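Enquirer: this one's structure only:
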């Protein structure tokens, strides 16, 4: 059975208007289109493939403001949710994205998640570190999350008992500046800045898989080092400052 990979970025409660969320969504889809040709076209989600293929849209600020004005894309008294896909019916192409933003109620979990193709050859083309780094940077620059990750379900489960956002490392892991400074990490781990917003950690350049015990061992080692620095904690959890 193939491993399934996803990219996710998460942040706690953040009150934002429909206009502010629409601007972020426009930036995200624009940057995403620069990562891979599969992200050039988008369709609204629907109950059937046939009807969804009639719902192509241009991911502009005006479009998202119109979407967020509809009840089906509003979440209670605050927040907006939206789902889209690339229109590729085959599992080896395209992908799907969903996000929830603008929520500020206690316990709110704003997030954006992108699902990658499952089958080859599409997954081989898209699951390369240049594309993935671009996706993670698009999420960081557009949404300004607290923490982000690109990982397979199996690798996540191998490192984390509960899989809570913010508490484990993946193939690529993003930390906002507010989380703290990322320490020097062992080879072959790569650490690089993302504008002035945060830091991106890439464990290895080739595909990371839970089937490789060396990959799991590296992940556990890096995870321990980051835990010791206080960088891995549940998203939305307030940082406990040391007492005098």
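Expert: Thanks, I have the structure now. Source: prediction; values computed, not measured.
Enquirer: out of everything not next to it in sequence, what's closest to residue 27?
Expert: residue 142 (4.2 Å; CB to CB, 6 or more residues apart in numbering). Every C-beta, even on glycine, is put in place using the N, C-alpha and C of the backbone.
Enquirer: Now stretch 134-153: buried residues?
Expert: 134-143, 145-152 (16 or more other CB atoms under 10 Å).
Enquirer: first to last residue in it, what's the distance?
Expert: By CA to CA, to the nearest Å, the extent of stretch 134-153 from end to end equals 20 Å.
Enquirer: how close does the closest residue to residue 19 other than its chain neighbours sit to residue 176?
Expert: Excluding the flanking residues, the one nearest residue 19 by CB to CB, 6+ apart is residue 65, at 6.1 Å. Using CB to CB, to the nearest Å, we find residue 65 at a distance of 26 Å from residue 176.
Enquirer: same deal with residue 233?
Expert: 12 Å.
Enquirer: low pLDDT regions in the chain?
Expert: Low-confidence segments of the chain, defined by pLDDT under 70: 1, 89-93, 119-123, 237-244.
Enquirer: all strands of the chain, in order?
Expert: 5-11, 42-44, 56-57, 80-85, 96-101, 110-115, 147-152, 172-176, 190-194, 198-202 (DSSP state E).
Enquirer: who wins for proximity to residue 182 among these?
Expert: strand 198-202 (4.5 Å; CB to CB).
Enquirer: so how far is the closest one from its chain's centroid?
Expert: Put simply, strand 198-202 sits 13 Å off its chain's centre (CA atoms, centre = their mean, to the nearest Å).
Enquirer: Next: stretch 138-146.
Expert: 8 Å.
Enquirer: what's next to that stretch, contact-wise?
Expert: Outside stretch 138-146, the residues that touch it by CB atoms under 8 Å, 6 or more residues apart in numbering are 7, 9-12, 24-25, 27-28, 31-32, 34-35, 99, 101, 110-112, 114, 148, 166, 174, 176, 178-179, 194-195, 197-198, 200, 235-236.
Enquirer: Of all residues in the protein, which one is nearest the centre?
Expert: Centre of the chain computed as the mean C-alpha position; nearest residue by CA atoms, centre = their mean is residue 8, 2.1 Å away.
Enquirer: For the nearest residue to it once chain neighbours are set aside, give me its contacts.
Expert: Leaving aside its sequence neighbours, residue 8 sits nearest to residue 113 (CB to CB, 6+ apart; 4.5 Å). Counting by CB under 8 Å, 6+ apart, residue 113 touches 6-8, 97-99.
Enquirer: All set now, cheers.
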